[in-house]
Each structure stands twice: as structure tokens, then as C-alpha cells.
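Asks: Below: sequence and its predicted model.
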Amino acid sequence: MKTAHPSRAIMTRSLIRSLIRLIGLLVCLCALAGCGATRTAPERTLEKTPFRTPVSHVVTAPQAEDEAEQRKMKNVSLLAVNDPAERLNRTIYTFNAKLDRAVLIPVVTGYEAVVPPQLRSGIANGISNINEIPRLANAMLQGDPSKCGIIVARFVINSTLGIGGLFDPATKLEFYPQNEDFGQTLGVWGVPQGPYVVLPVYGPSNIRDSVGLAGDMVFAYYQMEYLYELAEIGDRDTARYTNTVVRGVNTRAGIPFRYYTMDTPFEYEILRFAYTKARQLESER
């Protein structure tokens, strides 16, 4: 029977001891790795001192508010308009909204409930036909013969075939309305829009359009005075009051916009941007 060589036996025992040490080292490393993977609160390993600050990876409320505010400012910047009197304009905007809900919308609702649709359409057409005169004046001031021709054609057709403007056959003949006003005329002359403003009752405007509105109101006043004279109306005060009320109700009934119905916190900014861009395009066309 052969016996193992002494040197080979020594080598075998040395290899076994090395393997045992290696296995033990691996076990220790695995234990340390397991502890490191399950530890979620590193502050628990720190000594308790009055200067220790809790460690957390959760976004704090101030950070969330800052991010929301940044998103809000980014959205608002996309709708930026020159509005230096924004605080005052927002106050007037709120006043207009309350007036609209408390007075104008109930009046319009009652008007639509009492007056038949055909009669409402006739009233709107008649007012529009009267307004062809100031439209023609503005088209002439703008130096646009094409618009002048269309406006004259509309007035003649609707005043005759449309029975004094109660009907609108001109539109069916493809003579479409040319909504010209003095604010657009000033724009054609090169007058800039100026800062955005909100007018009481009237709503969105700017400096140029506010001046234009005043000019249109003066023109309309003297136009109606001339018509009262032609119609030999004696009670001018009643005629003026009736004209103002009917025009106001008709105008509001023709505007589908309702305050605070956009379901967005940026209604003021959206309306301001839309009005400004629309007026810019109307002056450029």
C-alpha cells in the first residue's frame, strides 16, 4: 500500500486552508453587501447630535411649489402682451364679469326668450345695415376702393331687396360684411396699438382702439341724430335711450363668450392675447 508523499500532503492541507479563508471572505462580503442594499435611511447610522439634519429623497412642498410657479410663468410668457396696467385691468375685468353675469346675461336671456328668432335676426340686420355708413367712411379713410365697393353694394341691396335692411340678401350674393372701424383706420395709418387696456362694460381694448371707439361713437351719434331728423322724431331722449339699449342687447346677444367658462386659470391672458392678435391681423389685411 502506497502512502502519500509528504510534500503533496502539505500542499493539499495548505490549499484547503486557503479555500476556507476565501469562502469566509466571500461570506463576509455578501453580508456587507446585503446590509448595504437594505439600508434606506443613512441618517440612522449617524451619531445623535443636535446638529443632525434628516436625509430624505422626497420633493419638499416648497420645491414643488417653485416648479409649479415656473411652469405657470412659462405658460404666461407664451401669451405675453404689453400690459403695464395689468392690476387695474384685472380689477376692471372682474367688474365686467360680475356686471355681465348679474345684468347683461339675464337681459339677453330674457330678450331671447321673449323676442322670436326671426325678429331678432331682423333687428340685427337693420342695425348692421345702418352701420354700413360708418364702415364706408372708414374704408374711404383707409384708401381701400375694393372694400368701399362691397360696402356700397351691401347697403344698396339690403336697403332695397332686404326691405330696409331687415334681411341680408347681399351676403347670399357673396357681398360679405366688411367690419371696418376707426381703430383699424388708425392702424392702417401706422398708429401702433399701444398698451393693452380693459374698458368698463366694453371689455378688451388698447390705447389705439379706445381712441377709435370714441371716434366711432361720435360718428354714430351724429348719424342717428340725422336719422331722427329725417324720421321727424320729436322725443329725442326716448329715441336715444331706446337706440342705446337695443344696440347694446343686440351686440351682447351676438357674442358667445361668457366669463369664467374656459376652465383655465389663464382666461385673462388668453383673451388678452387673442384680442391683440386679432386686431393686429385686422389692421394688416
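Replies: Alright, I've got the coordinates.
Asks: Which of the residues in the host helix or strand of residue 278 are classified as buried?
Replies: Residue 278 is part of helix 267-284 when elements are defined by DSSP states H and E. Residues of helix 267-284 classed as buried by neighbour count (16 or more other C-beta atoms under 10 Å): 268-269, 271-273, 275-276, 279, 283. Every residue, glycine included, has its C-beta placed from N, CA and C.
Asks: again, but for stretch 84-98
Replies: For stretch 84-98, a neighbour-count test (16+ other C-beta under 10 Å) marks 86, 89, 92-93, 96-97 as buried.
Asks: For residue 171, which non-adjacent residue is closest in space?
Replies: Excluding the flanking residues, the one nearest residue 171 by C-beta to C-beta, 6 or more residues apart in numbering is residue 177, at 7.1 Å.
Asks: Can you give the distance from stretch 184-203 to the centre of its chain?
Replies: 18 Å (C-alpha atoms, centre = their mean, to the nearest Å).
Asks: Please export the C-alpha coordinates of it as PDB.
Replies: What follows is stretch 184-203, C-alpha atoms only, in PDB (Å, rounded to 0.1, in the frame of the first residue of the first chain):
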ATOM      1  CA  GLN A 184     -58.400  99.800 -37.800                       C
ATOM      2  CA  THR A 185     -58.200 103.000 -39.800                       C
ATOM      3  CA  LEU A 186     -55.600 104.300 -37.300                       C
ATOM      4  CA  GLY A 187     -53.800 101.000 -37.600                       C
ATOM      5  CA  VAL A 188     -53.700 101.400 -41.400                       C
ATOM      6  CA  TRP A 189     -52.300 104.900 -40.900                       C
ATOM      7  CA  GLY A 190     -49.400 103.400 -38.900                       C
ATOM      8  CA  VAL A 191     -50.600 104.200 -35.400                       C
ATOM      9  CA  PRO A 192     -49.400 101.400 -33.000                       C
ATOM     10  CA  GLN A 193     -51.800  99.500 -30.800                       C
ATOM     11  CA  GLY A 194     -50.200 100.800 -27.600                       C
ATOM     12  CA  PRO A 195     -50.600  99.100 -24.200                       C
ATOM     13  CA  TYR A 196     -53.500  96.700 -23.600                       C
ATOM     14  CA  VAL A 197     -56.400  98.100 -21.600                       C
ATOM     15  CA  VAL A 198     -59.700  96.700 -20.300                       C
ATOM     16  CA  LEU A 199     -62.600  99.200 -20.700                       C
ATOM     17  CA  PRO A 200     -65.600  99.100 -18.300                       C
ATOM     18  CA  VAL A 201     -68.500  97.300 -19.900                       C
ATOM     19  CA  TYR A 202     -66.800  97.200 -23.400                       C
ATOM     20  CA  GLY A 203     -64.000  94.900 -22.300                       C
END
